[in-house]
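[1] Pasting the sequence and the predicted coordinates here, then a few questions.
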Amino acid sequence: NPHRVAALEGSYVKAHVGFWREQPATIGGTAFQDINANGIKDSGEPAIANLAIRLYADVDGDGNHDVNELLTSTRTDFSGVYRFDGLGQGNFIVVCDPAAPEVPPGHLIGSDALSATLSAGGSSLSNDFPFTRLLTKTADRATAQPGNQITYTLSPTYPGCELLEGLNDGLAEKLRKAWL
């Protein structure tokens, strides 16, 4: 469908020359303390700010974040939110460091690497890193008078899916020392 252009100055937008830039895609999510261990950022759950997040292009499709596939990195904002904009379509892996100093002590994450597949112009904004407290201590009363008894309950939470072994090896003694 040829177009005749009268003048070669100014702009002419009626002709299609066959070039279309791929619409950019976005990956993002939130890092937070998952108080109720449901994997969802609920109201009142604290954000984990300034946590380093790395983005890898899974070029070889093996599901692993290989050193040579690192694209870029960013840090979560004060709300725990991170975003990678201007991406092309493809398979990506988002990674955080569960041992980073920004992670509150006693918290663990189920997975520190999340996979996302993007189409042109698409977005994947629910790549969250919920950190769960490993051991929660509650008491049956807030205050006590001399002679009153307080009953404590220790509730373990483990967000992973691996089989835990050897937990009874000195666990009672370790807990007793940790909570005195």
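    In hand now; what should we look at? Quantities reported herein were computed from a predicted structural model and do not represent experimental measurements. Numbering: from 1, shown residues only.
[2] Do you have the helices of the protein handy? List them.
    Taking DSSP state H as the criterion, the chain carries its helices at 171-178.
[3] which residue ranges form the strands in it?
    With DSSP state E, the ranges of strands along the chain come out as 25-33, 52-57, 70-75, 81-87, 90-96, 107-109, 113-118, 123-124, 129-133, 135-139, 152-156.
[4] most tightly surrounded among these?
    The highest mean neighbour count among the strands of the chain belongs to strand 129-133 (a mean of 23), with neighbours defined as mean count of other Cβ atoms under 10 Å. C-beta: built from backbone N, CA, C; applies to glycine.
[5] What count of nearby residues applies to the closest residue to residue 42 other than its chain neighbours?
    Nearest non-adjacent residue to residue 42, counting by Cβ to Cβ, 6 or more residues apart in numbering: residue 36, 6.5 Å away. As a burial measure, the neighbour count of residue 36 was computed by other Cβ atoms under 10 Å and equals 12.
[6] where in the protein is pLDDT low?
    Scanning the chain for pLDDT under 70 picks out the ranges 1-21, 158-180.
[7] Show me what the residue most central in space within the chain bridges to in the sheet.
    For the chain, residue 129 is the residue whose C-alpha lies nearest the centre (Cα atoms, centre = their mean; 2.8 Å). When bridges are assigned using DSSP bridges, the partners listed for residue 129 are residue 31.
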